[in-house]
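**Q** no sequence for this one, just the structure:
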């Protein structure tokens, strides 16, 4: 049994209400409930954290480096395109992760085309809506099994 951590960045607490044309109608609680069930079915422990604060996310990333977290699913929202500090934390702890984005970043504004995480991620799931989290979790479970 491994611990899998999902980290959700700013404004993802508004999923289901915020710009459904980009992000879909599923709430973050619904997404996390499905991930938790999928983890349990695979014999893994699931934890999720959403924060609008860069500092809170960094603190949790650092904790993941020593609390037995084996894999992370991350959607850092707007921090994807701006946060070298979160990138540095991810590199420091060395926990493998899949980067997830609900919308296709490359069909959006140009400033969204750059991610500070894609090049250090195990993989990226972009533009498949809430299903992207489930696919990322499947990939994480497969990586943990190997």
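**A** Sure, I can see it. Given the structure is predicted, the values throughout are model-derived calculations rather than measurements.

**Q** Okay, helices next: where are they in the protein?
**A** 20-23, 28-41, 54-64, 84-93, 131-145 (DSSP state H).

**Q** which stretch among those comes nearest residue 7?
**A** Checking the helices of the chain against residue 7 by C-beta to C-beta gives helix 54-64 as the closest, at 6.1 Å. To be clear about C-beta, it is placed using only N, CA and C from the backbone, and glycine gets the same treatment.

**Q** roughly how far is the closest one from the heart of the chain?
**A** In this view, helix 54-64 has its centroid 13 Å away from the chain centroid, taken as C-alpha atoms, centre = their mean, to the nearest Å.

**Q** Next, the buried residues of that helix.
**A** 54, 57-58, 60-61, 64 (16 or more other C-beta atoms under 10 Å).

**Q** Which of these sits closest to residue 79?
**A** Residue 79 lies nearest to residue 54 out of these, by C-beta to C-beta, at 6.1 Å.

**Q** Do I have it right that that closest one meets residue 78?
**A** No. Using C-beta atoms under 8 Å, residue 54 makes no contact with residue 78, being 9.9 Å away.

**Q** What's the separation between residue 95 and residue 7?
**A** Going from residue 95 to residue 7 by C-beta to C-beta, to the nearest Å gives 10 Å.

**Q** For the protein, spot the helix or strand the model is least confident about on average.
**A** Least confident element among the helices and strands of the chain, by mean pLDDT, DSSP states H and E: helix 20-23 (a mean of 75).

**Q** quick one: buried residues of that one?
**A** Using 16+ other C-beta under 10 Å as the test for burial, helix 20-23 gives residue 23.

**Q** Not counting it itself, show me its contacts.
**A** Contact partners of helix 20-23, identified using C-beta atoms under 8 Å, 6 or more residues apart in numbering, comprise 15, 102-103, 108, 129.

**Q** Are any of those buried, and if so which?
**A** Neighbour-count burial (16+ other C-beta under 10 Å) is assigned, among the contacts of helix 20-23, to 15, 102-103, 129.
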